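1. pasting the structure only:
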Ligand SMILES: Nc1nc2c(ncn2[C@@H]2O[C@H](COP(=O)(O)OP(=O)(O)O)[C@@H](O)[C@H]2O)c(=O)[nH]1
Ligand SMILES: [Mg+2]
């Protein structure tokens, strides 16, 4: 990532003074718990960035949340639906200077963002944007600190949960229970991802909506999420939807989107925000990160969701059981 002057942004580990220390109920649920298994292993980058964490494991995310009050954002969708690309595009856009009224103010997971953008850049030069597949063993939490351009507000911290889509597939198939993925309950925002590529494809469109229905069903279980207000619909790869010219097909896509919206609204009982993104368009028609302004607007205007009840007890030994940030 480079800034307007062409220089890479300096990682400014945001100040961690006593003024940042927070007390109260959040801290009480932040007691660091032992992470187990590969998925929460603290790891480091290659030689180039030796010693810096690629991303944060559960304990590190908890520790960060104990110092600040980050807004936790999780995109929930199948593998290849474009989740990682969204996080990477936020970072890339901010690297070019002010974006959507926000300025990059630091990240504890710079190399995590960089590694996610790395293949993009290489592949983009070759004309084929590709994103490395997120593995279940990858560390999930990406940290970003932003300040508003006007500098009228205090800095905001975000934790983006970049999870392997397999977790959500297991959830919607009832193989995993929401209680096994406690980050869902802690999330201030959960973007339910509809993959534009699949919506554009008549053979996969219906399944895409059905899977969303199952996912919403899983999330409607007691204590699965903090509250229905955390939910939004995130349509990715808008460029692939726009590439469909046939009027009947376009109408069918609109119908599928309407159906998806009404499925979510059965849970929220109020209009659900629909965020349309082309994070990494295959054509020049959309700039990098198209639509991210509305995502940032949504997450910055609702920075914190109050968890109504105490967190449920976590099953021991699960890789993500410890995440309570
Ligand atoms: N056409 C198009 N492709 C995209 C877009 N965003 C992501 N992709 C591609 O979709 C594939 C899966 O993206 P990825 O972010 O890894 O998905 P994830 O598995 O959900 O994290 C990659 O090949 C991306 O290059 C987009 O806005 N438009
Ligand atoms: Mg991914």
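-> Looks like it arrived, so ask away. A quick note: this is a predicted structure, and the numbers were derived from the prediction, not measured. Ligands and ions are numbered 1, 2, ... in the order given.

2. now the helix or strand residue 256 falls within: buried residues?
-> Using DSSP states H and E, residue 256 falls within helix 247-268. Of the residues in helix 247-268, those buried by neighbour count under the rule 16 or more other Cβ atoms under 10 Å are 252, 253, 256, 257, 260, 261, 263, 264, 265, 268. C-betas here are computed from N, CA, C, even on glycine.

3. and the next element down the chain from that helix?
-> Assignment by DSSP H and E places the next element after helix 247-268 at strand 274-276.

4. contacts for the helix holding residue 256, please.
-> Contact with helix 247-268 is made by 192, 194, 199-200, 202, 205-206, 208-209, 212-213, 216, 219-220, 228-229, 231, 233, 235, 241, 244, 271-272, 274, as judged by Cβ atoms under 8 Å, 6 or more residues apart in numbering.

5. which ones are touching the residue lying closest to residue 204 once chain neighbours are set aside?
-> Nearest residue to residue 204 in three dimensions, chain neighbours excluded: residue 198, at 4.2 Å (Cβ to Cβ, 6 or more residues apart in numbering). For residue 198, the set of contacting residues under the criterion of Cβ under 8 Å, 6+ apart consists of 81, 204, 205, 207, 208.

6. and the second one, how many residues sit next to it?
-> Counted with other Cβ atoms under 10 Å, residues neighbouring residue 204 total 13.

7. all strands of the stretch 101-250 of the chain, in order?
-> Under the criterion DSSP state E, counting those that start in this stretch, the stretch 101-250 of the chain contains strands at 102-104, 141-148, 156-161, 189-195, 231-236.

8. let's have those in JSON lines, adding distance to residue 115.
-> Compiled in JSON lines, the strands of the stretch 101-250 of the chain are given as follows (distance: least, Cβ to Cβ, whole Å):
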{"stretch": "strand 102-104", "distance to residue 115": "17"}
{"stretch": "strand 141-148", "distance to residue 115": "10"}
{"stretch": "strand 156-161", "distance to residue 115": "14"}
{"stretch": "strand 189-195", "distance to residue 115": "21"}
{"stretch": "strand 231-236", "distance to residue 115": "21"}
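
9. out of those strands, which gets nearest to residue 60?
-> Closest approach to residue 60 among the strands of the stretch 101-250 of the chain is made by strand 141-148 (7.2 Å; Cβ to Cβ).

10. relative to strand 156-161, how tilted is the closest one?
-> Comparing the axes of strand 141-148 and strand 156-161 via axes from the mean of the first three to the mean of the last three Cα atoms, to 10 degrees yields an angle of 150 degrees.
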